[in-house]
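Enquirer: okay, sequence plus prediction incoming.
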Amino acid sequence: MLSPTQIMQYQKESVDRALTCANCGQKLHVLEVHVCEACCSELMSDPNSAMYEEEDDEDDFAPGKED
């Protein structure tokens, strides 16, 4: 069983972990959750990036174009 000192230490460490960016370890702003703004924008992929790839693929198989 944990001593009262160990319990307090664990709670403090838990709060510290919750208030830091999961990616870079920077202290989070009050409105940020899990990752900071910089890491969020870096980690979020462009939802339209697949469209560009599909358009490129369509050009490869254009009518009248033989491989």
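Expert: In hand now; what should we look at?

Enquirer: for the nearest residue to C21 once chain neighbours are set aside, what are its contacts?
Expert: Spatial nearest neighbour of C21, chain neighbours left out: C36 (4.2 Å); criterion: CB to CB, 6 or more residues apart in numbering. All C-beta atoms are positioned from the backbone trio N, CA, C, and that covers glycine. For C36, the contact set (CB atoms under 8 Å, 6 or more residues apart in numbering) comprises C21, N23, C24, Q26, L28, H29.

Enquirer: just the closest of the residues you listed to M44, please.
Expert: Using CB to CB, N23 comes nearest to M44 of the contacts of C36, at 11.7 Å.

Enquirer: you'd agree that closest one is up against M44?
Expert: No - at 11.7 Å, N23 does not count as touching M44 under the criterion of CB atoms under 8 Å.

Enquirer: more neighbours: which of these two?
Expert: Taking other CB atoms under 10 Å, N23 and M44 do not tie; N23 has more neighbours (14 against 9).

Enquirer: SS state for the residue lying closest to the more buried one once chain neighbours are set aside?
Expert: Excluding its sequence neighbours, the residue lying closest to N23 (CB to CB, 6+ apart) is C39, at 4.0 Å. Reduced to three states with DSSP: H, G, I helix; E, B strand; the rest coil, the structure at C39 is helix.

Enquirer: where along the chain do the helices fall?
Expert: Ranges of helices in the chain, per DSSP state H, are 4-18, 37-43, 49-60.

Enquirer: export the shortest one as CSV, just CAs?
Expert: When you say that, I think you mean helix 37-43. Written as CSV, here are the backbone C-alpha positions of helix 37-43 (Å, rounded to 0.1, in the frame of the first residue of the first chain):
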residue,chain,number,x,y,z
GLU,A,37,-0.9,24.2,-30.8
ALA,A,38,2.5,23.9,-32.6
CYS,A,39,2.5,20.1,-32.4
CYS,A,40,-1.2,19.9,-33.3
SER,A,41,-0.7,21.8,-36.6
GLU,A,42,2.4,19.7,-37.3
LEU,A,43,0.7,16.4,-36.6
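
Enquirer: pLDDT (mean, whole number) over that helix?
Expert: Helix 37-43 shows a mean pLDDT of 85.

Enquirer: which residues touch that helix?
Expert: C21, N23, C24, Q26, H29, E32, V35.
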